[in-house]
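Enquirer: I'll drop the sequence and a predicted model, then ask my questions.
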Amino acid sequence: MGRNACLPSVFVTLTVVACCPGPIRQLSGHWVLASPGGVGIAAPPSAGAPLGVASSRAPAQPGCVPRSEIDRQFGKTCARHESEGGAQLSFEPPPMTDDVPIGITPTPGEPIWYCDKHTVVRVVLQRCGTSDTFGVSQIAVAIDKE
Amino acid sequence: MANFNDTVAAFNALLAASGYLLRATSTRVTFKSVLFGTPIFALPDMHLCDGGAGDIFFNDNPDKPRKLQAVMQSMFTYMTSQPMSARALQLGDWFDIWRVTGQNPQHMTYGAIQNAVAYQSILDLDARIGLAHLIGNHDAGFLNSLPDRRATQPHLFRSGFWLGSSVYALHGHQTDIVPPIGSSFDEAAVALATTIAGFIPGVATFESYVDRLGFGSGLARWLLDSLSVREDPGPQARPSDRSPPPPNVRSGQFVVRENVDHLATIAHQVGELPDSGGRSADVVIVGHSHTPSASWTDVTGKPVVVVDAGAWVYDQANLLIAAEDTIAVFDVARA
(Lines give C-alpha, C1' and ligand atoms only; values in the text may rest on other atoms or scores of the structure.)
Protein backbone atom coordinates (compact mmCIF):
# COMPACT_ATOMS: atom_id res chain seq x y z
CA MET A 1 0.00 0.00 0.00
CA GLY A 2 1.37 3.37 -0.96
CA ARG A 3 1.97 6.04 1.62
CA ASN A 4 -0.82 8.20 0.33
CA ALA A 5 -3.31 5.40 0.61
CA CYS A 6 -3.06 5.68 4.40
CA LEU A 7 -4.14 9.27 4.39
CA PRO A 8 -7.67 10.29 5.20
CA SER A 9 -9.96 11.11 2.35
CA VAL A 10 -11.16 14.65 2.50
CA PHE A 11 -13.64 16.40 0.32
CA VAL A 12 -14.01 20.12 0.35
CA THR A 13 -16.64 22.07 -1.42
CA LEU A 14 -16.26 25.59 -2.55
CA THR A 15 -19.95 25.67 -3.31
CA VAL A 16 -22.43 26.83 -0.70
CA VAL A 17 -26.17 26.91 -0.62
CA ALA A 18 -27.84 30.18 0.23
CA CYS A 19 -31.19 30.67 1.96
CA CYS A 20 -34.13 29.26 0.11
CA PRO A 21 -35.66 30.04 -2.23
CA GLY A 22 -32.78 31.91 -3.86
CA PRO A 23 -30.51 30.40 -6.43
CA ILE A 24 -27.65 28.14 -5.43
CA ARG A 25 -24.70 30.39 -4.75
CA GLN A 26 -21.42 29.23 -6.09
CA LEU A 27 -18.07 30.61 -5.10
CA SER A 28 -16.06 28.91 -7.79
CA GLY A 29 -18.59 26.89 -9.70
CA HIS A 30 -17.06 23.52 -9.00
CA TRP A 31 -16.15 20.99 -6.37
CA VAL A 32 -12.54 20.44 -5.44
CA LEU A 33 -11.55 16.94 -4.47
CA ALA A 34 -8.42 16.27 -2.48
CA SER A 35 -7.83 12.71 -1.38
CA PRO A 36 -5.09 10.08 -1.55
CA GLY A 37 -6.61 9.03 -4.84
CA GLY A 38 -6.33 12.35 -6.51
CA VAL A 39 -6.49 16.11 -6.39
CA GLY A 40 -8.60 17.98 -8.87
CA ILE A 41 -12.04 18.99 -10.05
CA ALA A 42 -14.64 16.46 -8.98
CA ALA A 43 -17.52 15.10 -10.96
CA PRO A 44 -20.87 16.52 -9.78
CA PRO A 45 -22.41 14.91 -6.69
CA SER A 46 -24.87 12.15 -7.38
CA ALA A 47 -27.07 9.88 -5.28
CA GLY A 48 -25.02 10.35 -2.13
CA ALA A 49 -22.00 8.61 -3.58
CA PRO A 50 -18.47 9.74 -2.73
CA LEU A 51 -17.08 12.26 -5.16
CA GLY A 52 -14.35 11.35 -7.58
CA VAL A 53 -12.10 13.30 -9.89
CA ALA A 54 -13.85 13.77 -13.21
CA SER A 55 -12.12 11.45 -15.63
CA SER A 56 -11.49 14.15 -18.19
CA ARG A 57 -9.74 16.21 -15.55
CA ALA A 58 -7.82 13.51 -13.73
CA PRO A 59 -4.16 14.43 -13.27
CA ALA A 60 -1.58 12.25 -14.99
CA GLN A 61 -0.13 11.26 -11.61
CA PRO A 62 -3.05 10.58 -9.26
CA GLY A 63 -2.44 12.00 -5.83
CA CYS A 64 0.66 14.00 -6.75
CA VAL A 65 0.23 17.33 -8.46
CA PRO A 66 2.19 20.56 -8.66
CA ARG A 67 1.43 23.01 -5.91
CA SER A 68 0.32 25.54 -8.51
CA GLU A 69 -2.40 23.11 -9.58
CA ILE A 70 -3.71 22.94 -6.01
CA ASP A 71 -3.60 26.72 -5.76
CA ARG A 72 -5.57 27.01 -8.97
CA GLN A 73 -8.35 24.83 -7.56
CA PHE A 74 -8.60 26.27 -4.09
CA GLY A 75 -8.38 29.97 -4.80
CA LYS A 76 -6.74 32.79 -2.89
CA THR A 77 -4.06 32.16 -0.31
CA CYS A 78 -4.37 34.24 2.82
CA ALA A 79 -2.84 37.66 3.20
CA ARG A 80 -2.79 37.09 6.94
CA HIS A 81 -3.55 34.11 9.13
CA GLU A 82 -2.85 32.48 12.46
CA SER A 83 0.74 31.76 13.34
CA GLU A 84 2.45 28.55 12.25
CA GLY A 85 5.05 29.29 14.91
CA GLY A 86 4.91 29.52 18.66
CA ALA A 87 5.69 26.51 20.78
CA GLN A 88 5.17 23.00 19.47
CA LEU A 89 5.25 20.36 22.14
CA SER A 90 5.88 17.66 19.57
CA PHE A 91 8.86 19.38 18.00
CA GLU A 92 12.15 17.80 18.95
CA PRO A 93 14.81 20.47 18.63
CA PRO A 94 18.13 19.66 17.01
CA PRO A 95 21.28 20.29 19.03
CA MET A 96 22.29 23.84 19.80
CA THR A 97 24.87 25.33 17.47
CA ASP A 98 23.81 23.07 14.61
CA ASP A 99 25.60 23.05 11.24
CA VAL A 100 24.07 24.02 7.94
CA PRO A 101 23.25 20.63 6.38
CA ILE A 102 25.27 19.41 3.43
CA GLY A 103 23.20 18.93 0.27
CA ILE A 104 19.54 19.64 -0.27
CA THR A 105 16.84 19.10 2.37
CA PRO A 106 13.51 19.63 0.61
CA THR A 107 10.49 20.46 2.71
CA PRO A 108 8.71 17.21 3.62
CA GLY A 109 5.40 19.02 3.61
CA GLU A 110 3.90 22.47 3.53
CA PRO A 111 0.74 24.05 4.90
CA ILE A 112 -1.26 26.35 2.66
CA TRP A 113 -3.89 28.72 3.98
CA TYR A 114 -6.77 29.74 1.71
CA CYS A 115 -9.00 32.58 2.81
CA ASP A 116 -12.41 33.77 1.81
CA LYS A 117 -14.41 36.45 3.63
CA HIS A 118 -15.85 34.00 6.12
CA THR A 119 -13.96 30.79 5.48
CA VAL A 120 -10.40 29.67 6.04
CA VAL A 121 -9.16 26.38 4.61
CA ARG A 122 -5.83 25.04 5.86
CA VAL A 123 -4.42 22.39 3.56
CA VAL A 124 -1.39 20.35 4.56
CA LEU A 125 0.62 19.01 1.65
CA GLN A 126 3.06 16.12 1.61
CA ARG A 127 5.87 16.23 -0.91
CA CYS A 128 5.95 13.23 -3.24
CA GLY A 129 9.51 12.01 -2.79
CA THR A 130 11.94 14.74 -3.78
CA SER A 131 9.81 15.84 -6.71
CA ASP A 132 8.10 19.19 -6.95
CA THR A 133 4.66 17.61 -6.67
CA PHE A 134 2.48 17.14 -3.63
CA GLY A 135 -0.33 15.08 -2.24
CA VAL A 136 -2.83 16.33 0.32
CA SER A 137 -2.59 14.87 3.80
CA GLN A 138 -5.13 16.99 5.65
CA ILE A 139 -7.70 19.68 5.14
CA ALA A 140 -9.28 21.69 7.92
CA VAL A 141 -11.98 24.29 7.49
CA ALA A 142 -12.85 27.19 9.76
CA ILE A 143 -16.06 29.11 9.10
CA ASP A 144 -16.81 32.47 10.64
CA LYS A 145 -19.91 32.11 12.85
CA GLU A 146 -20.90 35.77 12.65
CA MET B 1 38.07 18.02 -2.16
CA ALA B 2 36.56 20.65 -4.44
CA ASN B 3 39.05 23.21 -5.63
CA PHE B 4 37.87 26.85 -5.44
CA ASN B 5 38.39 27.62 -9.13
CA ASP B 6 36.70 24.36 -10.17
CA THR B 7 33.74 25.11 -7.91
CA VAL B 8 33.30 28.59 -9.36
CA ALA B 9 33.71 27.25 -12.92
CA ALA B 10 31.09 24.55 -12.32
CA PHE B 11 28.66 27.06 -10.86
CA ASN B 12 29.30 29.50 -13.69
CA ALA B 13 28.55 26.79 -16.24
CA LEU B 14 25.18 26.12 -14.61
CA LEU B 15 24.41 29.83 -14.40
CA ALA B 16 25.32 30.37 -18.05
CA ALA B 17 22.41 28.15 -19.07
CA SER B 18 20.10 30.92 -17.83
CA GLY B 19 22.12 33.72 -19.39
CA TYR B 20 23.99 34.94 -16.32
CA LEU B 21 27.57 34.78 -15.05
CA LEU B 22 29.64 35.47 -11.96
CA ARG B 23 31.85 38.54 -12.03
CA ALA B 24 34.65 38.85 -9.45
CA THR B 25 34.64 41.67 -6.89
CA SER B 26 37.57 42.88 -4.82
CA THR B 27 36.35 40.79 -1.87
CA ARG B 28 38.43 37.64 -2.00
CA VAL B 29 40.63 36.07 0.69
CA THR B 30 42.89 33.06 0.25
CA PHE B 31 44.13 31.32 3.37
CA LYS B 32 47.30 29.30 3.84
CA SER B 33 45.31 26.21 4.81
CA VAL B 34 42.03 24.59 3.83
CA LEU B 35 39.13 26.10 5.79
CA PHE B 36 36.30 25.22 3.43
CA GLY B 37 36.52 21.46 2.89
CA THR B 38 32.88 21.50 1.81
CA PRO B 39 32.03 24.35 -0.58
CA ILE B 40 29.65 27.04 0.67
CA PHE B 41 27.15 29.03 -1.39
CA ALA B 42 25.79 31.97 0.57
CA LEU B 43 23.09 34.35 -0.61
CA PRO B 44 23.12 37.66 1.27
CA ASP B 45 20.22 39.97 2.20
CA MET B 46 17.31 39.75 -0.26
CA HIS B 47 14.59 41.97 1.27
CA LEU B 48 11.77 40.37 -0.73
CA CYS B 49 8.74 42.67 -0.38
CA ASP B 50 5.42 42.53 -2.25
CA GLY B 51 6.78 42.93 -5.77
CA GLY B 52 5.29 46.40 -6.11
CA ALA B 53 6.51 49.97 -5.75
CA GLY B 54 8.83 50.27 -2.77
CA ASP B 55 10.11 46.70 -3.10
CA ILE B 56 13.85 47.23 -2.80
CA PHE B 57 14.60 43.71 -4.10
CA PHE B 58 12.37 43.90 -7.17
CA ASN B 59 13.35 47.53 -7.78
CA ASP B 60 10.91 47.78 -10.71
CA ASN B 61 13.12 45.35 -12.63
CA PRO B 62 11.53 42.07 -13.82
CA ASP B 63 15.00 40.67 -14.47
CA LYS B 64 15.76 40.67 -10.75
CA PRO B 65 13.60 37.68 -9.75
CA ARG B 66 14.73 35.84 -12.89
CA LYS B 67 18.35 36.38 -11.85
CA LEU B 68 17.74 35.08 -8.34
CA GLN B 69 15.80 32.13 -9.74
CA ALA B 70 18.77 31.32 -12.00
CA VAL B 71 21.19 31.42 -9.05
CA MET B 72 18.96 29.25 -6.87
CA GLN B 73 18.33 26.80 -9.73
CA SER B 74 22.11 26.55 -10.18
CA MET B 75 22.53 25.86 -6.46
CA PHE B 76 19.82 23.18 -6.64
CA THR B 77 21.32 21.55 -9.74
CA TYR B 78 24.85 21.67 -8.32
CA MET B 79 23.78 19.98 -5.10
CA THR B 80 21.55 17.37 -6.76
CA SER B 81 24.02 16.44 -9.50
CA GLN B 82 26.77 16.12 -6.90
CA PRO B 83 24.96 14.93 -3.74
CA MET B 84 26.47 15.97 -0.41
CA SER B 85 28.79 18.33 -2.26
CA ALA B 86 28.04 21.74 -0.76
CA ARG B 87 26.25 23.79 1.86
CA ALA B 88 23.77 26.49 0.90
CA LEU B 89 22.79 29.32 3.21
CA GLN B 90 20.91 32.60 3.03
CA LEU B 91 22.30 35.19 5.41
CA GLY B 92 19.10 36.78 6.75
CA ASP B 93 16.66 39.51 5.68
CA TRP B 94 15.13 37.02 3.23
CA PHE B 95 11.76 38.75 3.63
CA ASP B 96 11.52 42.44 4.45
CA ILE B 97 8.76 42.12 7.01
CA TRP B 98 9.72 45.47 8.52
CA ARG B 99 9.14 47.22 5.20
CA VAL B 100 5.92 45.37 4.28
CA THR B 101 4.09 45.16 7.59
CA GLY B 102 5.99 47.60 9.80
CA GLN B 103 5.59 45.42 12.86
CA ASN B 104 6.86 42.36 14.59
CA PRO B 105 4.23 39.82 13.56
CA GLN B 106 3.11 37.35 16.16
CA HIS B 107 0.65 36.19 13.55
CA MET B 108 1.38 35.49 9.93
CA THR B 109 1.29 38.75 8.03
CA TYR B 110 3.60 37.67 5.26
CA GLY B 111 0.87 37.11 2.66
CA ALA B 112 1.83 40.07 0.51
CA ILE B 113 5.34 38.63 0.20
CA GLN B 114 4.42 34.96 -0.06
CA ASN B 115 1.69 35.63 -2.63
CA ALA B 116 3.71 37.96 -4.86
CA VAL B 117 3.44 36.44 -8.33
CA ALA B 118 7.01 37.38 -9.21
CA TYR B 119 8.39 35.32 -6.32
CA GLN B 120 6.57 32.00 -6.73
CA SER B 121 9.41 30.25 -8.56
CA ILE B 122 11.91 31.60 -6.02
CA LEU B 123 9.84 30.30 -3.11
CA ASP B 124 9.47 26.94 -4.91
CA LEU B 125 13.25 26.64 -5.12
CA ASP B 126 13.67 27.79 -1.53
CA ALA B 127 11.45 24.87 -0.47
CA ARG B 128 13.04 22.34 -2.87
CA ILE B 129 16.56 23.17 -1.69
CA GLY B 130 15.47 23.42 1.92
CA LEU B 131 17.66 26.48 2.06
CA ALA B 132 18.97 27.32 5.51
CA HIS B 133 18.21 30.89 6.56
CA LEU B 134 19.74 33.13 9.15
CA ILE B 135 17.22 35.41 10.83
CA GLY B 136 17.92 39.11 10.33
CA ASN B 137 16.45 42.32 11.67
CA HIS B 138 14.09 42.80 8.71
CA ASP B 139 12.67 39.27 9.02
CA ALA B 140 13.00 38.79 12.78
CA GLY B 141 9.31 37.86 12.76
CA PHE B 142 10.65 34.42 11.78
CA LEU B 143 11.68 34.04 15.42
CA ASN B 144 7.98 33.51 16.11
CA SER B 145 6.36 32.42 12.85
CA LEU B 146 7.95 30.98 9.74
CA PRO B 147 6.97 31.41 6.10
CA ASP B 148 4.19 28.96 5.22
CA ARG B 149 6.25 26.94 2.78
CA ARG B 150 9.00 26.42 5.35
CA ALA B 151 6.83 25.95 8.44
CA THR B 152 7.89 22.30 8.80
CA GLN B 153 11.60 23.17 8.94
CA PRO B 154 12.13 25.44 11.96
CA HIS B 155 15.59 23.99 12.52
CA LEU B 156 16.70 25.61 9.26
CA PHE B 157 15.88 29.11 10.53
CA ARG B 158 18.47 30.17 13.09
CA SER B 159 20.19 33.30 14.29
CA GLY B 160 23.56 31.66 13.78
CA PHE B 161 24.92 28.57 12.01
CA TRP B 162 28.20 26.70 11.92
CA LEU B 163 29.45 25.73 8.46
CA GLY B 164 32.08 23.20 9.42
CA SER B 165 34.54 23.44 12.28
CA SER B 166 36.01 26.88 11.64
CA VAL B 167 33.34 28.96 9.90
CA TYR B 168 30.42 30.66 11.64
CA ALA B 169 27.65 32.73 10.07
CA LEU B 170 25.31 35.29 11.57
CA HIS B 171 23.31 38.10 10.03
CA GLY B 172 25.34 40.86 11.67
CA HIS B 173 22.65 43.12 13.13
CA GLN B 174 23.34 41.87 16.63
CA THR B 175 26.06 44.47 17.16
CA ASP B 176 24.04 47.52 16.10
CA ILE B 177 22.73 48.59 19.45
CA VAL B 178 24.59 49.67 22.56
CA PRO B 179 24.58 47.16 25.45
CA PRO B 180 22.37 48.01 28.44
CA ILE B 181 23.68 50.44 31.04
CA GLY B 182 26.06 48.70 33.40
CA SER B 183 27.00 45.96 30.91
CA SER B 184 30.06 45.76 28.67
CA PHE B 185 29.75 44.29 25.19
CA ASP B 186 31.73 41.24 26.33
CA GLU B 187 29.09 40.54 29.00
CA ALA B 188 26.29 41.10 26.54
CA ALA B 189 28.04 38.87 24.00
CA VAL B 190 27.64 35.86 26.29
CA ALA B 191 23.88 36.42 26.40
CA LEU B 192 23.78 37.04 22.66
CA ALA B 193 25.81 33.92 21.87
CA THR B 194 23.62 31.73 24.07
CA THR B 195 20.48 33.06 22.42
CA ILE B 196 21.82 33.01 18.86
CA ALA B 197 23.08 29.46 19.19
CA GLY B 198 20.22 28.03 21.17
CA PHE B 199 16.93 29.44 19.98
CA ILE B 200 14.99 27.57 17.33
CA PRO B 201 11.59 28.83 16.16
CA GLY B 202 8.89 26.43 17.24
CA VAL B 203 10.51 25.33 20.49
CA ALA B 204 9.02 28.25 22.35
CA THR B 205 8.08 31.83 21.68
CA PHE B 206 11.17 33.98 21.49
CA GLU B 207 10.12 36.09 24.46
CA SER B 208 9.52 33.09 26.70
CA TYR B 209 12.84 31.57 25.62
CA VAL B 210 14.72 34.74 26.59
CA ASP B 211 12.80 34.94 29.87
CA ARG B 212 13.79 31.37 30.72
CA LEU B 213 17.48 32.17 30.30
CA GLY B 214 17.21 34.40 33.39
CA PHE B 215 19.60 37.16 32.31
CA GLY B 216 17.65 39.82 34.22
CA SER B 217 15.16 42.28 32.83
CA GLY B 218 17.73 44.79 31.49
CA LEU B 219 19.68 42.28 29.45
CA ALA B 220 16.53 40.37 28.44
CA ARG B 221 14.95 43.58 27.10
CA TRP B 222 18.19 44.36 25.27
CA LEU B 223 18.25 40.90 23.69
CA LEU B 224 14.68 41.29 22.48
CA ASP B 225 15.49 44.73 21.06
CA SER B 226 18.76 43.72 19.42
CA LEU B 227 17.22 40.70 17.69
CA SER B 228 13.82 42.16 16.81
CA VAL B 229 12.36 43.58 13.61
CA ARG B 230 13.83 47.03 12.96
CA GLU B 231 15.41 49.23 10.34
CA ASP B 232 19.14 49.26 9.59
CA PRO B 233 21.59 51.95 10.66
CA GLY B 234 23.01 54.09 7.86
CA PRO B 235 26.00 53.14 5.70
CA GLN B 236 29.43 53.11 7.34
CA ALA B 237 32.73 54.32 5.95
CA ARG B 238 35.19 51.47 5.41
CA PRO B 239 38.68 52.66 4.54
CA SER B 240 41.27 50.20 3.24
CA ASP B 241 43.21 48.37 5.92
CA ARG B 242 46.88 49.13 5.19
CA SER B 243 48.21 46.91 7.97
CA PRO B 244 49.83 43.55 7.11
CA PRO B 245 47.26 40.77 6.59
CA PRO B 246 46.74 38.21 9.34
CA PRO B 247 49.40 35.48 9.46
CA ASN B 248 47.03 32.73 8.31
CA VAL B 249 46.15 34.57 5.08
CA ARG B 250 48.00 34.10 1.81
CA SER B 251 46.33 37.00 -0.01
CA GLY B 252 43.38 39.34 0.34
CA GLN B 253 42.26 42.96 0.38
CA PHE B 254 40.93 44.11 3.74
CA VAL B 255 38.98 47.10 4.98
CA VAL B 256 38.60 48.60 8.43
CA ARG B 257 34.96 47.95 9.27
CA GLU B 258 32.66 48.82 12.12
CA ASN B 259 31.88 46.20 14.76
CA VAL B 260 34.43 43.66 13.53
CA ASP B 261 35.61 43.06 17.11
CA HIS B 262 32.04 42.53 18.27
CA LEU B 263 31.20 40.10 15.48
CA ALA B 264 34.32 38.06 16.20
CA THR B 265 33.56 38.15 19.92
CA ILE B 266 30.03 36.77 19.43
CA ALA B 267 31.33 33.93 17.24
CA HIS B 268 34.04 33.24 19.83
CA GLN B 269 31.45 33.05 22.60
CA VAL B 270 29.36 30.64 20.53
CA GLY B 271 32.47 28.48 20.15
CA GLU B 272 32.91 28.51 23.93
CA LEU B 273 29.50 26.88 24.43
CA PRO B 274 29.79 23.16 25.24
CA ASP B 275 27.45 22.23 22.41
CA SER B 276 29.84 23.76 19.89
CA GLY B 277 32.01 20.72 20.48
CA GLY B 278 35.30 22.55 20.24
CA ARG B 279 34.54 24.36 17.00
CA SER B 280 36.24 27.73 16.75
CA ALA B 281 35.66 30.37 14.10
CA ASP B 282 38.54 31.47 11.89
CA VAL B 283 36.03 32.98 9.48
CA VAL B 284 32.74 34.75 10.24
CA ILE B 285 30.33 35.26 7.34
CA VAL B 286 27.79 38.08 7.68
CA GLY B 287 25.30 40.10 5.67
CA HIS B 288 23.32 43.09 6.96
CA SER B 289 25.48 46.00 5.78
CA HIS B 290 24.83 45.27 2.07
CA THR B 291 28.47 46.11 1.28
CA PRO B 292 30.80 43.27 0.29
CA SER B 293 34.06 43.42 2.20
CA ALA B 294 36.64 41.47 4.17
CA SER B 295 38.09 42.64 7.45
CA TRP B 296 39.92 41.00 10.31
CA THR B 297 40.67 41.22 14.00
CA ASP B 298 42.60 39.31 16.64
CA VAL B 299 40.46 40.55 19.54
CA THR B 300 39.71 36.97 20.59
CA GLY B 301 43.38 35.99 20.69
CA LYS B 302 43.63 34.60 17.16
CA PRO B 303 43.01 36.07 13.71
CA VAL B 304 39.37 36.05 12.69
CA VAL B 305 38.39 37.16 9.18
CA VAL B 306 34.91 38.66 8.79
CA VAL B 307 33.49 38.49 5.26
CA ASP B 308 30.41 40.50 4.35
CA ALA B 309 28.54 38.96 1.41
CA GLY B 310 26.70 42.10 0.17
CA ALA B 311 23.03 42.09 -0.83
CA TRP B 312 20.39 41.89 -3.57
CA VAL B 313 18.78 45.27 -2.97
CA TYR B 314 18.32 47.82 -5.76
CA ASP B 315 20.90 47.01 -8.49
CA GLN B 316 22.97 44.63 -6.36
CA ALA B 317 23.12 40.86 -6.83
CA ASN B 318 25.92 39.20 -4.86
CA LEU B 319 26.83 35.60 -4.20
CA LEU B 320 29.47 34.35 -1.77
CA ILE B 321 31.34 31.17 -2.68
CA ALA B 322 33.90 29.49 -0.43
CA ALA B 323 35.82 26.34 -1.27
CA GLU B 324 39.11 24.79 -0.26
CA ASP B 325 41.27 27.73 0.87
CA THR B 326 39.42 30.68 -0.67
CA ILE B 327 36.32 32.74 0.05
CA ALA B 328 35.06 35.39 -2.37
CA VAL B 329 32.05 37.54 -3.19
CA PHE B 330 30.81 37.79 -6.79
CA ASP B 331 28.42 40.00 -8.70
CA VAL B 332 25.77 38.08 -10.64
CA ALA B 333 25.48 39.74 -14.04
CA ARG B 334 23.98 39.20 -17.47
CA ALA B 335 26.25 37.08 -19.65
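Expert: Yep, that arrived.

Enquirer: how about low-confidence regions in the stretch 101-250 of chain B?
Expert: Where the stretch 101-250 of chain B drops to pLDDT under 70, the residues are B:106.

Enquirer: All the helices of it, in order from the start?
Expert: Read by DSSP state H, counting those that start in this stretch, the stretch 101-250 of chain B holds these helices, from start to end of the chain: B:111-114, B:120-129, B:185-198, B:206-213, B:217-226.

Enquirer: And those helices: which comes nearest B:P44?
Expert: Within these, the stretch nearest B:P44 is helix B:120-129; the backing value is 14.8 Å (Cβ to Cβ). Where you see a C-beta, it was placed from the backbone N, CA and C, and this is true even at glycine.

Enquirer: Strands of the chain, start to end?
Expert: In the absence of a named chain, this looks at chain A. Under the criterion DSSP state E, chain A carries strands at the ranges A:10-16, A:25-35, A:38-41, A:65-66, A:109-115, A:119-127, A:133-143.

Enquirer: You answered for a different chain; I wanted chain B.
Expert: In chain B, the segments counted as strands under DSSP E are B:20-31, B:36-43, B:87-90, B:132-134, B:157-158, B:160-162, B:167-170, B:249-252, B:283-286, B:293-297, B:304-308, B:318-324, B:326-334.

Enquirer: so how far is the longest one from its chain's centroid?
Expert: Pointing back at strand B:20-31 there. Distance of strand B:20-31 from its chain centroid, counting by Cα atoms, centre = their mean, to the nearest Å, is 17 Å.

Enquirer: can I get the strands of chain B in TSV with distance to A:L51?
Expert: Below are these laid out as TSV (distance: least, Cβ to Cβ, whole Å):
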stretch	distance to A:L51
strand B:20-31	46
strand B:36-43	44
strand B:87-90	42
strand B:132-134	40
strand B:157-158	38
strand B:160-162	46
strand B:167-170	50
strand B:249-252	65
strand B:283-286	52
strand B:293-297	60
strand B:304-308	56
strand B:318-324	48
strand B:326-334	48
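
Enquirer: can I get the ones you listed in a markdown table with mean neighbour count and distance to A:C78?
Expert: Listed next are these as a markdown table, based on neighbours: other Cβ atoms under 10 Å in any protein chain shown; distance: least, Cβ to Cβ, whole Å:
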| stretch | mean neighbour count | distance to A:C78 |
| --- | --- | --- |
| strand B:20-31 | 18 | 34 |
| strand B:36-43 | 23 | 27 |
| strand B:87-90 | 25 | 24 |
| strand B:132-134 | 27 | 22 |
| strand B:157-158 | 28 | 20 |
| strand B:160-162 | 25 | 30 |
| strand B:167-170 | 29 | 31 |
| strand B:249-252 | 16 | 48 |
| strand B:283-286 | 28 | 33 |
| strand B:293-297 | 24 | 40 |
| strand B:304-308 | 27 | 36 |
| strand B:318-324 | 25 | 33 |
| strand B:326-334 | 20 | 33 |
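
Enquirer: In TSV: the ones you listed, plus distance to chain A.
Expert: Formatted as TSV, those follow (distance: least, Cβ to the nearest Cβ, whole Å):
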stretch	distance to chain A
strand B:20-31	20
strand B:36-43	6
strand B:87-90	5
strand B:132-134	5
strand B:157-158	7
strand B:160-162	5
strand B:167-170	8
strand B:249-252	23
strand B:283-286	10
strand B:293-297	20
strand B:304-308	15
strand B:318-324	12
strand B:326-334	15
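
Enquirer: Out of these, which is closest to A:S35?
Expert: A:S35 lies closest to strand B:157-158 among the strands of chain B, at 31.9 Å (Cβ to Cβ).

Enquirer: The closest one packs against which elements?
Expert: With contacts taken as 3 or more Cβ pairs under 8 Å, 6 or more residues apart in numbering or on different chains; DSSP states H and E, strand B:157-158 sits against strand B:132-134.

Enquirer: show me what contacts the residue of chain B most remote from its centre?
Expert: In chain B, counting by Cα atoms, centre = their mean, B:G182 sits farthest out from the average C-alpha position, at 30.1 Å. By Cβ atoms under 8 Å, 6 or more residues apart in numbering or on different chains, B:G182 lies in contact with B:G218.

Enquirer: check contacts around residue 129.
Expert: Here I'm looking at chain A. When the contact criterion is Cβ under 8 Å, 6+ apart, A:G129 has no partners at all.

Enquirer: switch to chain B, that's the one I care about
Expert: Shown here is B:I129, whose contacts under the criterion Cβ under 8 Å, 6+ apart are A:104-106, B:72, B:75-76, B:79, B:88.

Enquirer: Isn't B:I200 up against B:L156?
Expert: No. Using Cβ atoms under 8 Å, B:I200 is not in contact with B:L156; the gap is 9.4 Å.

Enquirer: Which one's more surrounded, these two?
Expert: Taking neighbours as other Cβ atoms under 10 Å in any protein chain shown, B:I200 and B:L156 compare with B:L156 leading, 24 against 21.

Enquirer: How about the more buried one, nearest residue that isn't a chain neighbour?
Expert: Spatial nearest neighbour of B:L156, excluding adjacent residues (Cβ to Cβ, 6 or more residues apart in numbering or on different chains): B:A132 at 4.6 Å.

Enquirer: next one: B:A70
Expert: Distances taken as Cβ to Cβ, 6+ apart put B:S18 closest to B:A70, at 3.5 Å, once the chain neighbours are dropped.
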